[in-house]
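**Q** Got a sequence here, can you build the structure:
(one chain, ligands or ions: 1)
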Amino acid sequence: MKSPCLILGAALLLVAAAPEDVHYDARREAMVKSQIAARGVTDPAVLRAMATVKRHLFVPEAYLADAYGDRPLPIGYGQTISQPYIVAYMTEIIRPRNEHRVLEIGAGSGYQAAILAEIVQKVCTIEIIPELGNAARERLRKLGCQNVEVRIADGYDGWPEQAPFDAIVVTAAAEHVPPPLLKQLKDGGRMIIPVGSPFLVQTLTLVEKKGGRITTNQLMPVRFVPFRRGP
Ligand code: SAH
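**A** Sure thing, here's the model as predicted:
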């Protein structure tokens, strides 16, 4: 039998957690309005997802106070969770639909995957750092995100067993668009990827595949952590 102390402790925790949640809800609402909608993101599904997913559950405890701030935050191992606006922008630009299968390269905290999972049917996300990938998988499981699969691997090769994808979101800066990812993109599909030199400013690039032809569009300067290679 559980000790009454434990039960009382759990009850107190529940009571104590409630006002905090309200406080985070208000911050999240403000984030969507002032950082995301104000800068031109209009897709209602994207705004809804950004308003729903609790970003504070994806950042390290030391950064909780900044969880809804207008900037990227460290998530350990030299990696970062992207600025909320960039997550929303990248999600909107791929034109996500309910029936889509989406591949993400760079699971990191799992936040971008959770946002996508609110909108699309299936998200496959790859992370090269095992500790981050395992933590993201566990976090997403606890949050009940059943339509996300996390794989620990070098995302350069994509995920052939799950391909083709309606859209691909790359959240690490690559020096070129990995050919396996192009191959795994459906015809009519869209890929968003920061392209450029690691540690410098890169260009967020939209890659489209139409009738077998590839077109690219440079959208805006961004700064992402480098796309790594290797196991
Ligand atoms: N989408 C993440 C942002 C993570 S930052 C989020 O929402 O939190 C980019 C991530 O890409 C880092 O975790 C980094 O380890 C990972 N990464 C870098 N190169 C990679 C590669 N070749 N394959 C898979 N993941 C990679």
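
**Q** Show me the residue at the heart of the protein, geometrically.
**A** Among the residues of the chain, the one closest to the centroid is Q112, at 1.2 Å (Cα atoms, centre = their mean).

**Q** Do me a favour and average the pLDDT over stretch 103-116.
**A** Mean pLDDT, stretch 103-116: 98.

**Q** now that stretch, how far from the chain's geometric center?
**A** 3 Å (Cα atoms, centre = their mean, to the nearest Å).

**Q** circling back to that earlier point, quick one: the residue nearest to the centre of the chain and the ligand, what's the gap?
**A** Per Cβ to the nearest ligand atom, to the nearest Å, Q112 is found 4 Å from the ligand. (C-beta placed from N, C-alpha, C; glycine too.)

**Q** Now name the helix or strand holding that residue.
**A** Following DSSP states H and E, one finds Q112 within helix 111-119.

**Q** Name the residues of this structure found near the ligand, please.
**A** Proximity of the chain to the ligand, by Cβ under 6 Å from any ligand atom, involves residues 79-82, 105-106, 108-109, 111-112, 126-129, 132, 154-156, 171-172, 225, 227-228.

**Q** For the helix holding Q112, which helices and strands make contact with it?
**A** Counting contacts by 3 or more Cβ pairs under 8 Å, 6 or more residues apart in numbering; DSSP states H and E, helix 111-119 packs against helix 44-52, helix 84-93, strand 101-105, strand 122-127, helix 130-142, strand 148-152.

**Q** Which of the residues of the chain next to the ligand are buried? Put it as a ChimeraX command.
**A** To isolate the buried members of those in ChimeraX, using 16 or more other Cβ atoms under 10 Å:
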select :79,80,81,82,105,106,108,109,111,112,126,127,128,129,132,154,155,156,171,172,225,227
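
**Q** lowest-pLDDT helix or strand in the chain?
**A** helix 4-31 (a mean of 68; mean pLDDT, DSSP states H and E).

**Q** Okay, now the unreliable bits of the protein?
**A** Applying pLDDT under 70 to the chain picks out residues 1-19, 231.

**Q** what about 80?
**A** Regions of the chain meeting the criterion pLDDT under 80 cover residues 1-22, 199, 231.

**Q** so the helix holding Q112 versus strand 122-127, what angle?
**A** 170 degrees (axes from the mean of the first three to the mean of the last three Cα atoms, to 10 degrees).

**Q** Dump the C-alpha coordinates for helix 111-119 into CSV.
**A** Extracted in CSV, the C-alpha atoms of helix 111-119 (Å, rounded to 0.1, in the frame of the first residue of the first chain):
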residue,chain,number,x,y,z
TYR,A,111,9.7,20.2,-29.8
GLN,A,112,9.5,20.7,-33.5
ALA,A,113,8.4,17.1,-33.9
ALA,A,114,5.6,17.7,-31.3
ILE,A,115,4.4,20.8,-33.2
LEU,A,116,4.3,18.8,-36.5
ALA,A,117,2.6,15.9,-34.7
GLU,A,118,-0.3,18.2,-33.7
ILE,A,119,-1.0,18.7,-37.4
